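Q: Below is the sequence, then the predicted model.
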Amino acid sequence: MSSIDKVLSRIDTNFDASLGRLFELLKIKSISTDPAFAGPCKDAAAWLAAELNAIGIEASVRETTGHPMVVGHRKSGKPGPHVLFYGHYDVQPVDPLELWENDPFEPSIKTREDGSKVIMARGSSDDKGQLMTFVEAARAYIEETGDLPVDVTILFEGEEESGSPSLQPFLEANKDELSCDMALVCDTGMWDAETPAIGVMLRGMVGDEIVVKAASRDLHSGLYGGSAQNPNHIVAGIIAGLHDENGKVTLPGFYDGVIELPEDVSTMWDNLGFSVEDFLGDVGLKYPRGEKDRKPLEHLWSRPTVEVNGMWGGYQGAGSKTVIPAKAHAKFTFRLVGDQDPDKIQQAFRAYVRSKVPADCSVEFTAKEGSPALRLDLHMPALEKGEIALKKEWGKEAALVGMGGSIPIVGDFKRFLGMDTLLIGYGLEDDQIHSPNEKYNLTSFHKGTRSWARVLDELSKS
């Protein structure tokens with residue numbers, strides 16, 4: 001029997017013990033956004049450091065200006081990449097508590113109508129169950145073979161759910177210690193319950209808020225209507241002009257740096273069986289928007305967007321108040337892809353807005369910090385090895401997926417530590433993360449642990 005087969009057998013044999021340890025972690029109320037739970041956050045960090053030390057990964061709790069980090073190392077100069085594994089031990093608040101079927105911090109196993117078993121608890125999927133798949137894979141490897149097949153550094157954060165205010169300073173201060181050949185992040189999901197996935201594209205983002213001002217005060221619409229400028233009309237015109245009749249963004253230079261999807265990836269996405277009707281139907285919609293000459297998954301993963309996140313101005317109370325408001329507001333975000341430059345996008349947007357504001361009016365801007373898009377080299381050896389490992393475990397080709405949202409830690413790893421990241425997770429769309437009755441499939445925990453063992457094994461091969 002090969003070493004990896006022995007490790008997998010140990011994972012299977014000791015699965016109940018692994019589940020028990022996960023339950024211990026899930027019981028800790030590590031809600032990072034609420035100061036009342038600062039103590040439990042420290043408890044979770046201490047628990048993880050103790051577990052890592054117990055299996056032979058030298059670990060310590062590192063204080064920050066907020067909740068602590070946990071850093072661990074197992075290094076002996078092995079061939080192959082030195083990897084950094086990241087996860088977060090903090091969780092979302094549980095409100096509204098009355099919607100939970102059970103105490104969110106008393107984990108339990110529930111058998112669903114289809115016979116599948118799930119772990120019910122806050123943090124079971126996001127991210128305690130996910131990070132423990134790696135810890136348990138490392139435990140089995142060390143117990144069975146005496147070591148890990150590649151050098152590993154571990155970073156567990158305690159503020160991911162509250163904006164990660166301490167993360168960038170921590171990465172900068174500990175750059176030499178944390179810089180590795182690549183990062184592994186298990187805070188994502190599978191394509192479906194039977195198909196693993198690797199995130200290869202991550203959209204960037206930049207945002208702006210505008211305030212358009214006209215008259216020195218709100219005006220009577222009967223006295224001034226038809227003569228005085230109305231900021232609501234100006235903002236509406238700005239918004240209406242951002243897209244043409246085919247759904248394309250009209251800003252000059254907006255598509256500079258947008259990269260066409262490789263044909264093999266396009267074909268793979270076509271074969272995923274994605275139904276835009278079902279996707280939109282889940283939220284009560286029917287008809288997709290966006291660029292008319294693009295496919296639905298391109299809209300979500302590989303094409304840039306501009307969205308209006310909020311707009312307001314004038315009277316908003318009950319009944320009618322016949323005024324022309326003195327000012328109007330709107331908030332915008334741009335999702336970026338390829339090599340689009342957040343600064344250039346913001347400059348183009350501001351120039352466009354200024355061109356739409358009449359000479360006797362003014363506009364003020366409040367910027368949101370931007371981050372560029374990220375993408376992996378689809379021929380990167382580590383990616384190919386990850387695909388091999390996941391296919392061995394799940395019996396299906398891993399879907400190479402884009403991700404429409406942003407995962408700030410991935411950008412931070414690239415900017416501050418110069419590392420690319422493999423995004424491999426085992427969550428599912430129906431895990432209800434951030435909502436009552438969060439769950440994590442028992443199969444996700446078990447096969448996720450086995451998957452990480454296989455990934456480490458493949459990464460060790462020349």
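A: Thanks, I have it.

Q: alpha carbons only for contacts and neighbour counts from here, please
A: Will do.

Q: and the residue most central in space within the chain, backbone torsions?
A: With distances taken as C-alpha atoms, centre = their mean, Ile407 lies nearest the centre of the chain, 3.7 Å away. For Ile407, the backbone dihedrals (degrees, to the nearest 10) come out as phi -120, psi 100.

Q: Name the nearest residue to Pro41, sequence neighbours excluded.
A: Wrong residue type there; residue 41 is Cys, not Pro. Ser30 (4.3 Å; C-alpha to C-alpha, 6 or more residues apart in numbering).

Q: my bad, Asp43
A: According to C-alpha to C-alpha, 6+ apart, the nearest residue to Asp43 is Ile28 (7.2 Å).

Q: How about the contacts made by Gly370?
A: By C-alpha atoms under 8 Å, 6 or more residues apart in numbering, the contact set of Gly370 is 204-207, 342-343.

Q: cool, and Gly129?
A: Neighbours of Gly129 in contact, by C-alpha under 8 Å, 6+ apart: 22, 123, 440, 445.

Q: switch to 7 Å and redo it
A: 22, 123, 445 (C-alpha atoms under 7 Å, 6 or more residues apart in numbering).

Q: Gly404 too?
A: Contacts here follow C-alpha under 7 Å, 6+ apart; on that basis Gly404 touches 202-203, 300-301.

Q: just to revisit the earlier point, what is the nearest of the contacts of Gly370 to Leu423?
A: Gly204 (15.5 Å; C-alpha to C-alpha).

Q: which sections of the stretch 251-400 of the chain are below the confidence cut-off?
A: By pLDDT under 70, the stretch 251-400 of the chain contains no weakly predicted segment.

Q: Going along the chain, name the strands of the stretch 1-150 of the chain.
A: 58-62, 69-74, 83-88, 108-111, 117-120 (DSSP state E, counting those that start in this stretch).

Q: Excluding residues flanking it in the chain, which one is nearest Leu272?
A: That would be Ala399: by C-alpha to C-alpha, 6+ apart, it lies 7.8 Å from Leu272.

Q: separation between the one you found and Gly163?
A: 29 Å (C-alpha to C-alpha, to the nearest Å).

Q: repeat for Tyr141
A: 33 Å.

Q: Among the contacts of Gly370, which one has the most neighbours?
A: Within the contacts of Gly370, neighbour counts (other C-alpha atoms under 10 Å) peak at Gly204, which reaches 27 neighbours.

Q: about what we covered before: switch the strands of the stretch 1-150 of the chain over to TSV; also include mean neighbour count.
A: Below are the strands of the stretch 1-150 of the chain laid out as TSV (neighbours: other C-alpha atoms under 10 Å):
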stretch	mean neighbour count
strand 58-62	18
strand 69-74	23
strand 83-88	23
strand 108-111	14
strand 117-120	23
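
Q: Tell me which of those strands lies nearest to Gly222.
A: Nearest of these (C-alpha to C-alpha): strand 83-88, 57.7 Å.

Q: Kindly calculate the angle that the closest one makes with strand 69-74.
A: 150 degrees (axes from the mean of the first three to the mean of the last three C-alpha atoms, to 10 degrees).

Q: Which other helices and strands does strand 83-88 contact?
A: Secondary-structure packing of strand 83-88 (3 or more C-alpha pairs under 7 Å, 6 or more residues apart in numbering; DSSP states H and E): strand 152-157, strand 182-185.

Q: Nearest to Ser435, out of those?
A: strand 152-157 (20.9 Å).

Q: Summarise which helices and strands that closest one is packed against.
A: For strand 152-157, the packing partners by 3+ C-alpha pairs under 7 Å, 6+ apart come out as strand 69-74, strand 83-88.

Q: What are the contacting residues of that strand?
A: 69-75, 82-89.

Q: Look up phi and psi at Ile150.
A: Small correction: residue 150 is Val, not Ile. Main-chain torsions, Val150, degrees, to the nearest 10: phi -140, psi 160.

Q: from what I can see it touches Glu458, true?
A: No - counting by C-alpha atoms under 7 Å, Val150 sits too far from Glu458 to count as a contact (9.8 Å).

Q: Determine the number of other residues adjacent to the closest residue to Trp47 other than its chain neighbours.
A: Of all residues not flanking Trp47 in the chain, Leu25 sits nearest, at 7.4 Å (C-alpha to C-alpha, 6+ apart). The tally of other residues near Leu25 (other C-alpha under 10 Å) stands at 23.

Q: And Leu25, how close does it get to Asp244?
A: Using C-alpha to C-alpha, which is the criterion applied here, Leu25 is 51 Å from Asp244.

Q: what's the helix or strand for His233?
A: helix 231-240 (DSSP states H and E).

Q: out of Ala399 and Gly163, which sits in the more crowded spot?
A: Neighbour totals were compared for Ala399 and Gly163, and Ala399 leads with 22 against 11 (other C-alpha under 10 Å).

Q: what bridges to Gly313?
A: Counting by DSSP bridges, Gly313 forms beta bridges with Ala328.

Q: Test my guess that it contacts Lys327.
A: Yes - between Gly313 and Lys327 a contact is recorded at 6.2 Å, counting by C-alpha under 7 Å.

Q: thinking again about what came up before, residues of the helix holding His233 that come out buried?
A: Buried positions in helix 231-240, judged by neighbour count with 16 or more other C-alpha atoms under 10 Å: 231-232, 234-235, 238-239.

Q: Which member of those is positioned nearest Asp270?
A: Nearest member of those to Asp270, counting by C-alpha to C-alpha, is Ile239, at 32.3 Å.
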